[in-house]
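**Q** test case, fold it:
(one chain, ligands or ions: 1)
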Amino acid sequence: MSASHEQPVRVAIVGAGPAGFYAAGQLLGQRRAPVRVDLYDRLATPHGLVRAGVAPDHPKIKSVTRVYEKTAALPGFRFFGGIEVGRDLSHEELASCYHAVIYAVGTGADRRLGIPGEDLPGSYGAAEFVAWYNGHPDFAERRFDLSAERAVVVGNGNVALDVARMLVLSYEELAVTDIADHALEQLREAGVREVIVLGRRGPAQASFTNPELRELADLQQAEAVVDPTEVELDPVSREWLERAGDATAKRNVETLADYAARTPAGKPRRIVFRFLRSPVEIIGDRRVEGVVVERNELVVGTDGVPRARPTGVRERIDAGLVFRSIGYLGAPLPGIPFDARRGTIHNDRGRVTDPTSGLPLPGVYVAGWIKRGPSGVIGTNKRCAQESTDRLLEDLAAGLLPQPRADPDQLIARLRARGVPVVTYAGWQAIDAHERSLGELQGRPRVKLVRHEELLARALGSSRQGTPAQPPAQRAQARG
Ligand code: NAP
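**A** Below you'll find the predicted structure:
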């Protein structure tokens, strides 16, 4: 079971988002044992949600990729894009080549509300909308009917704010970003004039971060609107704010109260906040025409946390578009124990565990959202990955890592022979340079390539010899 300390320890990390990159940097940067890291991603591009999740008008947040570029330049680092574990190879096949595998695959699917009408045309999940406007290649052909004048966004997190903002930003604000071209054009034509952001609890319980709520004051053609009655705190929230002493929540309430006190500036678009309302039905004949919401009151549970309790009072909000932005769920990977209720991989502080025995699976770890659920900002993944890489190094020191039985180079050669278009870091750099040069011509950070085929063609044109590239869907079909 033990790894020889003379030979470098070989670690595969699956998922090249923030958690995967932080884990890679931590392993390559430590001095306890020589480590080599192969970072796999199913896409040709690395950076996960920094590329496909962070809103295009938040370029500062995206500048974190410079840290990941430094990691990629460390000796012992390799990137293999275009390979999906569970589709192109099994966990067992991958694990046989490494002392350890860390899964950092994130949580890509939208949670569902579970109410009637949720699947009507015009009702969408935030995750798919976010992936679409960010040019995720799986969503390049997706179409959203954005002709409605009023949209409802369900949820009080930062993703809800991203979605609301994207619907009301001006063409000029969007045109200087790296938004996907297809989304830029469709949002230019969009009819949305009002977005209602719906919270099931009160303003004090919203999970917005302060800058994200405050920046709504600075939009060119949209303003934040709050009815003063919406920010009057109920006794439960007042007591809870005092007791919990949550500075973020207090500042959110102040910002919302500030919006409520403002005289409307008369901008053509509005983001309206409504609280203590849960959607109970999405209505419409052939497409969304409105949302029935039920008023809630707050009650404190035995854990001291205020929860929403329905009052039975219902009202209808006319709207032609609904986005549910109520959190993300991970997807199971064949052969890896999965907690379907939480949408995460079973683990103990980063060690993947068998749910029945509670015992760790030797050499298998997890980091990021698929480990702890979809919470926190990008930097949170650094601490999260550290906990996991610490466990891995502890297990290495204790001689608990399995010895690899096969060679990763042979695995890569085998995948290429099977027609998997393996993208190296040089391939990604070719995509990156191309996108940036297109962007330069238009005064934008980059113009994204949004189709699997064009991403692969650009990447493989520079870095790859051998079999012609097949996009993932065709490959999956070919493999049955
Ligand atoms: P989130 O912060 O967990 O917010 C989810 C929201 O959905 C909560 O307000 C929650 O209300 C609500 N909700 C859950 N189930 C619901 C239901 N059945 N009906 C109505 N409302 C429901 O998640 P997120 O917005 O998806 O963001 C994920 C993470 O990414 C967060 O940590 C966020 O801060 C981060 N993020 C950061 C940025 C940024 O820094 N700019 C941008 C985007 C995302 P309750 O509180 O009542 O459960």
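**Q** now the closest residue to the ligand within the chain. Nearest residue, chain neighbours left out?
**A** Residue of the chain nearest the ligand, by C-beta to the nearest ligand atom: residue 157 (2.1 Å). (Each C-beta comes from the backbone N, C-alpha and C, glycine too.) Setting aside the residues directly before and after it, residue 157 is nearest to residue 207 in space (C-beta to C-beta, 6 or more residues apart in numbering), at 4.7 Å.
**Q** can you tell me the SS state at residue 93?
**A** helix (DSSP: H, G, I helix; E, B strand; the rest coil).
**Q** wait, it sits on residue 410?
**A** No: in this structure, residue 93 is not within contact of residue 410 by C-beta atoms under 8 Å, at 10.9 Å.
**Q** so what's the closest residue to residue 122 other than its chain neighbours up against?
**A** Using C-beta to C-beta, 6+ apart and skipping the chain neighbours, the partner closest in space to residue 122 is residue 288 (3.3 Å). By C-beta atoms under 8 Å, 6 or more residues apart in numbering, the contact list for residue 288 reads 117, 120-123, 148, 282, 319-322.
**Q** grab the two from those residues that are most spread out in space.
**A** Farthest-apart pair in the contacts of residue 288 is 117 and 148; separation 14.8 Å (C-beta to C-beta).
**Q** quick one: the residue of the chain closest to the ligand from residue 89, how far?
**A** For residue 157, the distance to residue 89 equals 35 Å [C-beta to C-beta, to the nearest Å].
**Q** residue 277 now?
**A** 47 Å.
**Q** pick out whichever of those two has more residues nearby.
**A** Taking neighbours as other C-beta atoms under 10 Å, residue 277 and residue 89 compare with residue 277 leading, 25 against 19.
**Q** what residues are up against that one?
**A** Neighbours of residue 277 in contact, by C-beta under 8 Å, 6+ apart: 198-200, 293-296, 315.
**Q** break the chain down into its structural domains.
**A** Using automatic domain parsing, the domain parsing of the chain gives 9-108+330-479, 109-327.
**Q** how about the ones you listed in CSV, adding mean pLDDT?
**A** Converted to CSV, those look like this (pLDDT from 0 to 100):
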stretch, mean pLDDT
domain 9-108+330-479, 94
domain 109-327, 96
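**Q** so what's the residue count around residue 285?
**A** What residue 285 shows, counting by other C-beta under 10 Å, is a neighbour count of 7.
**Q** which SS class is it?
**A** Relying on three-state DSSP, one would call residue 285 coil.
**Q** next, give phi and psi for it.
**A** With angles defined as degrees, to the nearest 10, residue 285 shows backbone torsions of phi -70, psi -70.
**Q** who's in contact with stretch 112-121?
**A** 123, 125, 145, 154, 279-284, 286-288, 324, 326.
**Q** if you set the cut-off to 6 Å instead, what comes out?
**A** 279-284, 287-288, 324 (C-beta atoms under 6 Å, 6 or more residues apart in numbering).
**Q** what's the PyMOL line that selects buried ones from those residues?
**A** Command for PyMOL, covering only those of these found buried under the criterion 16 or more other C-beta atoms under 10 Å:
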select buried, resi 279+281+282+283+284+288+324
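**Q** from the contacts of stretch 112-121, which are also near the ligand?
**A** Checked against the ligand using C-beta under 6 Å from any ligand atom, those give no members in range.
**Q** widest-spaced pair of the contacts of stretch 112-121?
**A** So for the contacts of stretch 112-121, where distance means C-beta to C-beta, the most widely separated pair is 280 and 287, at 18.7 Å.
**Q** show me which residues of the stretch 201-350 of the chain sit near the ligand.
**A** Residues of the stretch 201-350 of the chain lying near the ligand (C-beta under 6 Å from any ligand atom): 201, 205, 207, 209, 212, 278, 325-328.
**Q** in strands only, show me these.
**A** 278, 328 (DSSP state E).
**Q** report the buried members of the residues of the stretch 201-350 of the chain next to the ligand.
**A** So, by 16+ other C-beta under 10 Å, the buried ones in those are 201, 205, 207, 212, 278, 325-328.
**Q** and which of the residues you listed is nearest to residue 251?
**A** The closest of these, once distances to residue 251 are taken by C-beta to C-beta, is residue 212, at 11.4 Å.
**Q** quick one, what contacts the closest one?
**A** Per C-beta under 6 Å, 6+ apart, neighbours of residue 212: 158, 161.
**Q** over to residue 208?
**A** Per C-beta under 6 Å, 6+ apart, neighbours of residue 208: 158, 161, 252.
**Q** format the residues you listed as CSV; extra columns: distance to residue 436, secondary structure and neighbour count.
**A** Listed next are these as CSV, based on distance: C-beta to C-beta, whole Å; DSSP: H, G, I helix; E, B strand; the rest coil; neighbours: other C-beta atoms under 10 Å:
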residue, distance to residue 436, secondary structure, neighbour count
158, 27, helix, 19
161, 28, helix, 25
252, 36, helix, 24
